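Undergrad: need coordinates for the following:
(one chain, ligands or ions: 1)
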Amino acid sequence: MNSFSYVRVSDVESALREGGAAGSRFLGAGTNLLDLMKGGIERPQRLVDVTRLPLTAIEQLPDGGLRIGAMATNSDAANHPLVRTRYPLLSQALLAGASPQLRNMATVGGNLLQRTRCYYFYDSAFAQCNKRNPGSGCAALEGYNRIHAILGASDQCIAVHPSDMAVALAALDAVVRVRGPKGERAIPLGEFHRLPGDTPQRDTNLEHGELITAVELPASRFTKSTYLKIRDRASYAFALVSVAAALDMQGSTVRAARIALGGVAHKPWRAMQAEALLAGSALDTGLLRKAAAAAVEGAKPYRDNAFKVELAQRAIVRAVQTAGGMA
Ligand code: SF4
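TA: Predicted coordinates for the structure are as follows:
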């Protein structure tokens, strides 16, 4: 058994003080962290329970954007009128994740910090996992890698990020607000999660002791959007591939597009080449196929997941068609 201490805090200053101590980890709903602790994958010396922090508000910003407190639950965020009416893409993505029971508990901040669902990461019977035990190797490279990455991986780790919410946030140009020992900073969602490189043990660019306080969304001009999640069963399953597509249209012409993919990389993957191809053009299936091909350029599949290269392209075409009213 791994012993640890526990403290509950009720204000951000106390959270920063307690969370900055060596060996401390912030505990939100614990829907991922506690499972990892039970399996001996994570062994924090001290848990700082931040679920009572006054960070649950979902409110409009003066510039027309939206601020979602880090402790808002996934259910509250998904069902909030401002999210449903102005950012339906985010609402759809949240409701595509996990189960109602988990969404009622899990927080927005915790959702961003959930760890990969790579089987070998969760099973300590496998000695090789660079994410769990840096320098030990990667069992997935030669193992069963059907759910793994096709983009942005390294020979140190080919895991994917599991969040649906984060994929929508990437497409919506969200910013993560954090506070820590060095003060406050804003991290664009696209820079929040990391590619594995030589340090797959680090999922994000958060420093020790930094606390997520909110996620902010800019005022959205993307009035047409959809979140498409392809998975092995209809609910309570992680994405094999997902697509968050958002369009700013003038008639049948795309003024601007945002496309982000889930289930394909160690972080939500923005398909910027595809977005650029669509901008300024009329939506048609031929162009969409070209854009989808651009999105997976450089993809490197492994033994069991080559299907994802084709699946991602088809999902992009379908998601953008749906968003644009073509399907
Ligand atoms: Fe570990 Fe990453 Fe390899 Fe999975 S893919 S076994 S998480 S190093």
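Undergrad: show me what from this structure comes close to the ligand.
TA: 116, 118, 120-121, 129-131, 138-140, 157-159, 200 (C-beta under 6 Å from any ligand atom). The C-beta positions use only the backbone N, C-alpha and C, and glycine is treated the same way.
Undergrad: for V296, report the pLDDT, please.
TA: What the model reports as pLDDT for V296 is 98.
Undergrad: before we move on, what about the one 4 residues further on?
TA: At K300 the predicted local confidence, pLDDT, stands at 98.
Undergrad: which strand or helix spans the nearest residue to it once chain neighbours are set aside?
TA: With C-beta to C-beta, 6 or more residues apart in numbering as the measure, I150 is the residue that lies nearest to K300, at 6.3 Å, once sequence neighbours are left out. Using DSSP states H and E, I150 sits in no helix or strand.
Undergrad: neighbours around I150, how many?
TA: I150 has 27 neighbours, counted by other C-beta atoms under 10 Å.
Undergrad: quick one: it from A166, how far?
TA: 18 Å (C-beta to C-beta, to the nearest Å).
Undergrad: hang on, F192 packs against N205?
TA: Yes. F192 is in contact with N205 according to C-beta atoms under 8 Å; the separation is 6.2 Å.
Undergrad: per-residue confidence for the residue nearest to A282 when sequence neighbours are not counted?
TA: Spatial nearest neighbour of A282, chain neighbours left out: S252 (4.9 Å); criterion: C-beta to C-beta, 6+ apart. S252 is assigned 91 on the pLDDT scale.
Undergrad: which of the residues of the chain next to the ligand has the most neighbours?
TA: A140 (29 neighbours).
Undergrad: so which helix or strand takes in that one?
TA: For A140, the host element (DSSP H and E) is helix 139-142.
Undergrad: which strands and helices sit next to that helix?
TA: On a contact count with 3 or more C-beta pairs under 8 Å, 6 or more residues apart in numbering; DSSP states H and E, helix 139-142 meets helix 119-122.
Undergrad: same question for the helix it packs on, mean pLDDT?
TA: Mean predicted confidence for helix 119-122 is 97.
Undergrad: for the helix or strand T226 falls within, name the packing helices and strands.
TA: Using DSSP H and E, T226 sits within strand 224-230. The contact analysis (3+ C-beta pairs under 8 Å, 6+ apart) places strand 224-230 against helix 88-96, helix 165-171, strand 241-250, helix 307-323.
Undergrad: how about that strand as PDB, C-alpha atoms only?
TA: Backbone C-alpha positions of strand 224-230 (Å, rounded to 0.1, in the frame of the first residue of the first chain) are rendered in PDB as follows:
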ATOM      1  CA  LYS A 224     -22.000  26.000 -37.900                       C
ATOM      2  CA  SER A 225     -20.300  23.100 -36.200                       C
ATOM      3  CA  THR A 226     -20.400  19.500 -35.300                       C
ATOM      4  CA  TYR A 227     -18.500  17.000 -33.200                       C
ATOM      5  CA  LEU A 228     -18.200  13.500 -34.700                       C
ATOM      6  CA  LYS A 229     -16.900  10.700 -32.500                       C
ATOM      7  CA  ILE A 230     -16.100   7.300 -34.000                       C
END
